[in-house]
Structures are given as structure tokens and as C-alpha cells.
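Asker: Build the 3D model from these lines:
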Amino acid sequence: MQYSEKKIMRILKGEADVPKEVTARIDQTIRQIKENSGDRNMRKRGFRCHAAAAVAVIILFGTVTAGAAGFFLWNQDVAEMFGADEAQQRELVQKKVTGPVEADAEDQGVTISLEQSLATEKYMYLYFKITAPKGMKLSERTFFEEQELLVDGERLKLNYSGGIQEGTKDPEEHVIYWEYFVQCSERDYMNGKELTAHFQNMIQFQEDRTLEPELVQEGSWDVSWTVEYASTEQRFEINQPLQGSDTVVKNIVISPISMEVTYDLPRKKVPIQAYTEDGETEERFEWAEPDVIPSQYRMKDGTLEDIVTGVIGSEGYLNTDESDTTYVTSFGCRKVYSTDEICGVVFVNRNTNQTYELTLR
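Answerer: Now for the predicted structure:
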């Protein structure tokens, strides 16, 4: 992967609390690389190559403190939103849940750039920065007429939800942030493929949202990059009934940003009121959801961490055959977890608040 000078400087210095003497050394190294890289075109290519290598050298040989090294490939707003401390930031870089990504698109003076991605076998979180020309005011009511995600140019096998991320620290009125939670229908579906985030025509809703939105800027933005991540999911075979319940937890799959639980759940019909095309009411039914759901992780040090779900997920019986009782709940998390430190899962009955703890290791 090649890096622009802007991206490399962000990796080297932009998000890290780097000591002054290290900053000076970085600047000196980059100047020397530029001066010793031949003609203009070679200087540009040489800078990208050698400065990218400089990142690894600085981290590997301890030029930067251990804490600062964890910041290089993290947007600190994302780290704060996901509760990722310095150790977790370093861990997820090492596990290739996150890594260097250079992807942006510019049209009509508006630039959309991918600032952070977190990816595992089935879930992904994407964080984009939208920068308009100074003087153009953007807000939490700014949206796009069209937004979609494409895999190798096609919209396939993705469930996603996106929108403005509120509460970021950027004071600039012409800068906002957009986030996507993504779920794949198949594991490892995205790895090695080109993902494109498409945005079309920037609009702004009125405060009461009763009027038609105003067109802020015509334009089309396609932010494309190759998705690359390593396997981080851990699967635990449980096959244990929950006391006082007819529910059996068959297995649990956890990753740093997601969780999946497979139950053996006897089917129960729940009547619901539905309406025909003529407006007449009719009785239908749906299958009851599990009463018992995952609530907390038990960590090796004995502490409990709440499982913070994101805005994307799925659940239901694995097959339409009514004799099959395999039920799967899967969801992304709005918090990162050190999966190697998880030793148990606490379930809670949403009707009685009774808790059940299952050991994973």
C-alpha cells in the first residue's frame, strides 16, 4: 500500500502524544529522505516508501513511547467512542482489526475521507470525515440524497446503517463526520475485496424536518479501498441449558467488535395483529425471541464489562423448517473488547432480570 505525505504525517504525528525530541527526529528523517531521493518524481515515490518504513522503524525500535505507538493508526474520537484504551489500540493494530487506510474523494470542493475502519470476519465500522469549503455550514441535519456501499462494484450481501456521528470534537462548522455499521451475511465475504462508499448530493433537513430538505451541494463521491483484516473471531462450544429456562446455548462467537450466540430454542408462536391490503385486521403470528440474552462479559481479572450493542445485527431461526430449533442472534458492538481476556458471559432474562453465567475457558 502506498501513502500520501499527508497520510504518513498523520500516522507519524497527527494523533499521537509524541515527545518533542521524537517529533524533531521524525522531521529530520523526512527532510533527509526527501533530499536523498533523486529527481522530483523519485522524491515523491521515495518519500512514500521510506517514510512508511520509518513508521515501522520508529515503532519497532521504541523511538516512541509504548503509549504513543498505540495511537498511530487510530482516530482518537473513534477510540474514545469505542472505549479503546492505549493497550487495546495497540492490540487491535497488532491483530489487524484496524490498520492504515488511505481513501478519499473530492468533488465541488467537498472532500470525504475514510478516517478509521474496524473490521472482523462479519462486522465492520467505518468513520468518514466530510470537509466542505470554509463558509459552508454543516450540521447533524446534513445528509446525502444517496448513500450506499458496494463490494467490487456491486451491492451484495451487506446489511448496513449509516448517519452523522454527533458529538465529535471538531469545532469547524464546515466539518462533520459520518459513520457506518456494516454486517456481512457470510463470514470473510469482504476480505481482499474493494469496498466503495458512495455519496450523492449533499442535502440539509430543516429543524422540524417537515419541509423538503435543501440542496447544499451537488456532487458525487466514491471513496474506495481494499478491505484487509486478520481472523480475530473466537468460537466456544457451550451446549449448556440455562437454569430454569427451556433455552440451550449451543455456541458463542466473539470478536473485538461483535458477538454471535446460537441457541437451541423451542418454537413458540406469538399472535400479532396485522392488516390486509383492504385495511381489515387479521390474526397472524411470529416466533418468540429468546427470553435470555447476553448482557456482560466476565474478564479474567474478575470484573464485569457491559456488552454495548451497536446499531446493526440480525436474529432469527436458522431454517424455515418448523422442526428446526436453531436460533442465531448476531450483533456488532459500539465498544471494543480484549477477547483474550474474556472468560465468561453473563446472560439476563429480560422478563425477570434473573442472571445466568456461562464459562468460556
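
Asker: tell me the strands in the stretch 201-350 of the chain, going along the chain?
Answerer: Under the criterion DSSP state E, counting those that start in this stretch, strands of the stretch 201-350 of the chain are mapped to 214-226, 234-241, 248-255, 258-264, 269-275, 281-287, 292-299, 304-306, 309-317, 326-333, 342-349.

Asker: Buried residues, the shortest one. List them.
Answerer: Across strand 304-306, burial judged by 16 or more other C-beta atoms under 10 Å covers E305. For every residue, glycine as well, the C-beta is placed using N, CA and C.

Asker: who does it touch, helix- and strand-wise?
Answerer: Contact here means 3 or more C-beta pairs under 8 Å, 6 or more residues apart in numbering; DSSP states H and E; on that basis strand 304-306 packs against strand 292-299.

Asker: Return the set of buried residues in the strand it packs on.
Answerer: V292, I293, P294, S295, Q296, Y297, R298.

Asker: That strand pairs with which strands, parallel or anti?
Answerer: strand 304-306 (antiparallel), strand 342-349 (antiparallel) (DSSP bridges).

Asker: Could you report the distance from the residue nearest to the spatial centre of the chain to E80?
Answerer: Closest to where the C-alpha atoms of the chain average out (C-alpha atoms, centre = their mean) is Y125, at 1.5 Å. Here Y125 is placed at a distance of 14 Å from E80 (C-beta to C-beta, to the nearest Å).

Asker: what's the nearest residue to P213 if we skip its chain neighbours?
Answerer: I203 (4.2 Å; C-beta to C-beta, 6 or more residues apart in numbering).

Asker: Quick check: the one you found touching V216?
Answerer: Yes: the pair I203 / V216 is scored as a contact, 6.0 Å apart, by C-beta atoms under 8 Å.

Asker: between the two, what contacts are shared?
Answerer: Common contact partners of I203 and V216 (C-beta atoms under 8 Å, 6 or more residues apart in numbering): T142.

Asker: what ranges do the helices span in the protein?
Answerer: Using DSSP state H, the helices of the chain run over 5-9, 20-35, 40-60, 66-69, 76-81, 86-94.

Asker: Convert the fifth one to PDB, retaining C-alpha atoms only.
Answerer: Meaning helix 76-81. Listed next in PDB are the C-alpha coordinates belonging to helix 76-81 (Å, rounded to 0.1, in the frame of the first residue of the first chain):
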ATOM      1  CA  GLN A  76      -8.800   9.400  18.900                       C
ATOM      2  CA  ASP A  77     -12.500  10.300  18.600                       C
ATOM      3  CA  VAL A  78     -13.200   6.800  17.500                       C
ATOM      4  CA  ALA A  79     -11.000   5.400  20.200                       C
ATOM      5  CA  GLU A  80     -13.000   7.300  22.800                       C
ATOM      6  CA  MET A  81     -16.400   6.300  21.300                       C
END
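
Asker: From the buried residues of strand 292-299, pick the one nearest V97.
Answerer: Y297 (17.0 Å; C-beta to C-beta).

Asker: Could you tell me the model confidence score at the residue nearest to the centre of the chain?
Answerer: Note on Y125: pLDDT of 96.

Asker: Nearest residue to it in space, please, no chain neighbours.
Answerer: That would be L118: by C-beta to C-beta, 6+ apart, it lies 4.3 Å from Y125.

Asker: Can you get me a residue count around the one you found?
Answerer: Number of residues near L118 (other C-beta atoms under 10 Å) recorded here: 26.

Asker: close enough to count as contact, it and M124?
Answerer: Yes: counting by C-beta under 8 Å, M124 is a contact partner of L118 at 6.7 Å.

Asker: which stretches of the stretch 101-250 of the chain aren't confidently modelled?
Answerer: Across the stretch 101-250 of the chain, the ranges flagged by pLDDT under 70 are 166-171, 209-210.

Asker: can you rerun that using 80?
Answerer: In the predicted model, the stretch 101-250 of the chain carries pLDDT under 80 at residues 156-157, 165-172, 207-211, 244.

Asker: can you give me how far stretch 277-292 is from the chain middle?
Answerer: On the basis of C-alpha atoms, centre = their mean, to the nearest Å, stretch 277-292 sits 33 Å off its chain's mean C-alpha point.

Asker: Show me what counts as buried in that stretch.
Answerer: E289, P290, D291, V292.

Asker: from these, which is closest to S314?
Answerer: E289 (12.1 Å).

Asker: Tell me which residues are up against stretch 345-361.
Answerer: 236, 238, 240, 242-245, 249, 252, 291-298, 304, 342-344.

Asker: Dump the C-alpha coordinates for that stretch into CSV.
Answerer: Presented in CSV, the C-alpha positions along stretch 345-361 are these (Å, rounded to 0.1, in the frame of the first residue of the first chain):
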residue,chain,number,x,y,z
VAL,A,345,-20.6,-14.4,29.5
VAL,A,346,-23.4,-13.3,31.8
PHE,A,347,-27.0,-13.7,30.3
VAL,A,348,-30.0,-12.0,31.7
ASN,A,349,-33.7,-12.9,31.5
ARG,A,350,-35.3,-9.7,30.1
ASN,A,351,-38.6,-10.5,31.9
THR,A,352,-37.4,-11.5,35.3
ASN,A,353,-33.9,-9.9,35.4
GLN,A,354,-32.5,-13.3,36.6
THR,A,355,-28.9,-13.8,35.5
TYR,A,356,-27.0,-16.8,34.3
GLU,A,357,-23.2,-17.0,33.8
LEU,A,358,-21.5,-19.4,31.4
THR,A,359,-17.8,-20.1,31.5
LEU,A,360,-15.9,-19.9,28.2
ARG,A,361,-12.5,-21.1,29.2
